[in-house]
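Trainee: Fold the following and give me the result.
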Amino acid sequence: MRELDDFAGRWALERRIEDRRAGQVLRLEGRVTLAPTAGGLDVAEEGRLQLPDGTSLAAVRRYRWHRAGPVIAVDFDDGRPFHQFDPAVPRALAEHFCGADSYRVTYDFTAWPRWTVTWQVGGPRKNYVSESRLAFEGACTGTLPERRLA
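Mentor: The predicted model follows:
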């Protein structure tokens, strides 16, 4: 059974984003660091997003994970709640609504310590599927990497 602490460390990240509205596929490679802090994990995702035209862009996201009873609560970096998931089940489902847009996520832990996170996103201006594959790289000291935008 996975617990919050089982996610602490550095994870290699590969992401495929199928933008159905634009009819294109984008790819991202990078790293996710889940650094232990008082009460949870600070999450830093950093990578390079490859656009179909060959352009490469820096991609950075930050979240905060913490226990909420038997589940893990995911908050945006400004403290607003995002969603919750159960790390103990093989496939955990959650959703988030932002205005007219819906975000439905599946966390798949069936190949742990490799795992995937798949988002189905729809709304008046959005229609995409984002699949992230994560593989454990190593332990984390408890501090997040500096935010780089190069």
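Trainee: Could you check how far residue 19 is from residue 136?
Mentor: To residue 136, residue 19 is 29 Å away according to CB to CB, to the nearest Å. Glycine gets a C-beta too; all of them are placed from N, C-alpha and C.
Trainee: no no, residue 104
Mentor: Separation of residue 104 from residue 136 (CB to CB): 26 Å.
Trainee: Then residue 33?
Mentor: Taking CB to CB as the measure, residue 33 falls 12 Å from residue 136.
Trainee: again, but for residue 111
Mentor: Residue 111 sits at a distance of 11 Å from residue 136 (criterion: CB to CB).
Trainee: next one: residue 51
Mentor: According to CB to CB, residue 51 stands 28 Å off from residue 136.
Trainee: Could you check which of these two is surrounded by more residues?
Mentor: Taking neighbours as other CB atoms under 10 Å, residue 51 and residue 136 compare with residue 136 leading, 15 against 12.
Trainee: low pLDDT regions in this protein?
Mentor: Along the chain, segments meeting pLDDT under 70 span 140-150.
Trainee: Now do the same contact list for the residue lying farthest from the centre of it.
Mentor: Centroid-distance maximum for the chain: residue 53 at 24.7 Å, with CA atoms, centre = their mean. Residues in contact with residue 53 (CB atoms under 8 Å, 6 or more residues apart in numbering): none are found.
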